[in-house]
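1. Sharing a model prediction with you, sequence too.
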Amino acid sequence: MSEKIETVNNAVACFNSLPESGDGKYTLKIIVGGITCALKLIYERHYNELKERYAKFLLNDPTDVRCDINIDVFAKDEWDSSSFPAIDVHHINNKHYAFRWDFHSEFDTITGNGRFLSIPDTNILTIDSFVRISYSLMVVLHGGFLIHSAAILRNGNAFLFSGVSDAGKTTVSRISMAENKVLTDEISLVKPSAGEYIAYGTPFWGELQHGLPDSGALKGIMFLQKDTDVYLSKLNRKKALRKLMTNVLFFAKDENLSSRLFSICCEAVTLFDSFDLHFLPDNSFWRCIDEQYSEQICSES
């Protein structure tokens, strides 16, 4: 245990030797779900590749915008890649730290400032990982959350299809593209507005490499279950909350922020429907969903 504490302390100490702001020459600004982020980058290669990856989410006029999240990217020549074989998160002195074999990161939710330290030849997926972590923390302060899910707009409403890796998010997204607008096939941003929750597309896409900066009022969340039949099973609030929390993306050991996220999720499951969706790899699940909401509309009228 003492060896682990020393390893973490040494990792945290790395940031004491860094300036508060980096000297990166390349600044990229994006907006996801109304939350803005500025990335200050060292290498032109990273700037060009991330600009392409986040193309649909770039701020139209980034010059004078003060962003909610500000990330300075640093590189370090000497690196012990064996210290953290898997991601390890900590909350120390009101700052959030994440350590992995290829990067160390620090994020302050009060100021929105983050510092990212990595191996010199890191790829943009490593930087993208920290951008996701930063959004997962900051969105809680906006009353929302990131969730492992595909987000799809149908008939003006948003539906989330949630589950762990290989649950079927990509399958559902691919099937839905012909007749619906797929906002993301991997991670959605959900945030409250005027008494309802809005689902937003993100550039944090998965296998389809697809994300759109659109949004819609969240009608329901479907927890994916591959099956030999197609049907919906409505969840009570307790089961819905448990499944929602399992799929929310959140990298923090801050008790206050964790408690806030829990309260947000408790409220959220009262404002949209939650189902287990048993489905086949075809579009029959949409007929099932349409029937559910057609019946609901009829009963409400």
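-> Arrived safely.

2. CA only for contacts and neighbour counts going forward, please
-> OK.

3. What segments of the stretch 151-300 of the chain are helices?
-> Residue ranges of the helices in the stretch 151-300 of the chain, as given by DSSP state H, counting those that start in this stretch, are 169-176, 237-247, 255-268, 284-300.

4. Kindly reformat those as TSV containing mean pLDDT and distance to residue 185.
-> Shown next, in TSV, are the helices of the stretch 151-300 of the chain (pLDDT from 0 to 100; distance: least, CA to CA, whole Å):
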stretch	mean pLDDT	distance to residue 185
helix 169-176	96	6
helix 237-247	97	14
helix 255-268	96	21
helix 284-300	78	16
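
5. With mean neighbour count as extra columns, can I get those helices in JSON lines?
-> JSON lines is the format used below for the helices of the stretch 151-300 of the chain (neighbours: other CA atoms under 10 Å):
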{"stretch": "helix 169-176", "mean neighbour count": "20"}
{"stretch": "helix 237-247", "mean neighbour count": "17"}
{"stretch": "helix 255-268", "mean neighbour count": "16"}
{"stretch": "helix 284-300", "mean neighbour count": "12"}
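
6. Quick one: closest of these to residue 92.
-> Minimum separation from residue 92 across those (CA to CA) falls at helix 255-268, 11.6 Å.

7. between that closest one and helix 237-247, how big is the angle?
-> If you take axes from the mean of the first three to the mean of the last three CA atoms, to 10 degrees, helix 255-268 sits at 130 degrees to helix 237-247.

8. buried residues in the helix or strand residue 8 falls within?
-> Using DSSP states H and E, residue 8 sits within helix 2-13. Residues of helix 2-13 classed as buried: 8, 11, 12 (neighbour count, 16 or more other CA atoms under 10 Å).

9. Also stretch 179-191?
-> For stretch 179-191, a neighbour-count test (16+ other CA under 10 Å) marks 181, 182, 183, 184, 185, 186, 187, 188, 189, 190, 191 as buried.

10. residues touching residue 39, list them.
-> With contact taken as CA atoms under 8 Å, 6 or more residues apart in numbering, residue 39 is in contact with 27, 28, 29, 70, 71, 72, 73.

11. Surely it is within a strand?
-> Yes. Under DSSP: H, G, I helix; E, B strand; the rest coil, residue 39 sits within a strand.

12. so what's it bridging to?
-> residue 28, residue 71 (DSSP bridges).

13. circling back to that earlier point, wait, which of the helices of the stretch 151-300 of the chain is closest to residue 142?
-> Proximity to residue 142 (CA to CA) singles out helix 255-268 among the helices of the stretch 151-300 of the chain, at 10.0 Å.

14. That closest one packs against which elements?
-> Identification of packing neighbours for helix 255-268 by 3 or more CA pairs under 8 Å, 6 or more residues apart in numbering; DSSP states H and E yields helix 124-141, helix 237-247.

15. ok, and what's touching the longest one?
-> With contact meaning CA under 8 Å, 6+ apart, helix 124-141 is reached by 35, 46, 49-50, 69, 102-103, 105, 107, 109, 112, 114, 116, 145-146, 191, 204, 249-252, 257, 260-261.

16. That helix relative to helix 255-268, how many degrees between them?
-> Counting by the same axes, to 10 degrees, helix 124-141 lies at 70 degrees to helix 255-268.

17. Check the offset of helix 124-141 from the chain's centre.
-> 7 Å (CA atoms, centre = their mean, to the nearest Å).

18. Buried residues, that helix. List them.
-> Buried residues in helix 124-141, counted by 16+ other CA under 10 Å: 127-128, 130-140.

19. Which other helices and strands does the longest strand seen in the chain contact?
-> Counting by DSSP state E, the longest strand found in the chain is strand 215-226. Counting contacts by 3+ CA pairs under 8 Å, 6+ apart, strand 215-226 packs against strand 157-162, strand 196-200, strand 273-279.
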